[in-house]
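Asks: coords please:
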Amino acid sequence: MRYEEFTGQVQARAGLPDRQSAERAVRATLETLAERMPDGVADHLAAQLPGEAAESLRRVVAGDETSPRRRADARSHGEPFDLTTFAGRVAWRSRVPEDTAVREATAVLEVLDAAVSPELMLKVGHVLPADIRELLPSTRATED
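Replies: Predicted structure coming up:
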């Protein structure tokens, strides 16, 4: 999937007014997701995404060596936080209210689910806590 298609689908699913809003939602969601996941999973995810989207993940993984994210435990396990923190970080990065951030992040995760292999999305789901995992379309589908 090309980046323009990825952001276009996010824009449509989230009901965003323009491409820039969709790009901001994609960046904010993927950067926050990368903070929560082990670096190896984030690297695999980046490998299956278009370059511009992958860059959001790689920027966090590469990060500043002095940041808390670069601690050895953070690299192998991801930074531990829940949906409230996830929503707050996406909202802060996107400059939108938290309820809007959750709606936009859900749209990004839906497009992400369609863009990468099902096996990789299973890995992503396994490394997220249950409350964030609820935003994934595969998790929502199994609840019916």
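Asks: and for stretch 85-98, what's in contact with it?
Replies: Stretch 85-98 has contacts (Cβ atoms under 8 Å, 6 or more residues apart in numbering) with 24-25, 27-29, 31-32, 35-36, 81, 100-102, 104-105, 132. Every C-beta, even on glycine, is put in place using the N, C-alpha and C of the backbone.
Asks: what is the most widely separated pair among those?
Replies: Across the contacts of stretch 85-98, no pair lies farther apart than Arg24 and Phe81, at 20.8 Å, counting by Cβ to Cβ.
Asks: just the ones of the contacts of stretch 85-98 in helices?
Replies: Judged by DSSP state H, helices contain the following of the contacts of stretch 85-98: 24-25, 27-29, 31-32, 35-36, 100-102, 104-105, 132.
Asks: for whichever strand or helix holds Val10, enumerate the helices and strands it packs against.
Replies: Secondary-structure assignment from DSSP states H and E places Val10 in helix 3-14. Helix 3-14 is packed against helix 19-36, helix 51-62, helix 98-115, with contacts defined by 3 or more Cβ pairs under 8 Å, 6 or more residues apart in numbering; DSSP states H and E.
Asks: list the buried residues for stretch 7-21?
Replies: 7, 9-11, 13-14, 16, 21 (16 or more other Cβ atoms under 10 Å).
Asks: mind giving me TSV with those residues and columns for distance to Glu110 and pLDDT?
Replies: Listed next are these as TSV, based on distance: Cβ to Cβ, whole Å; pLDDT from 0 to 100:
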residue	distance to Glu110	pLDDT
Thr7	13	97
Gln9	8	97
Val10	8	97
Gln11	12	98
Arg13	6	97
Ala14	9	97
Leu16	13	97
Ser21	16	97
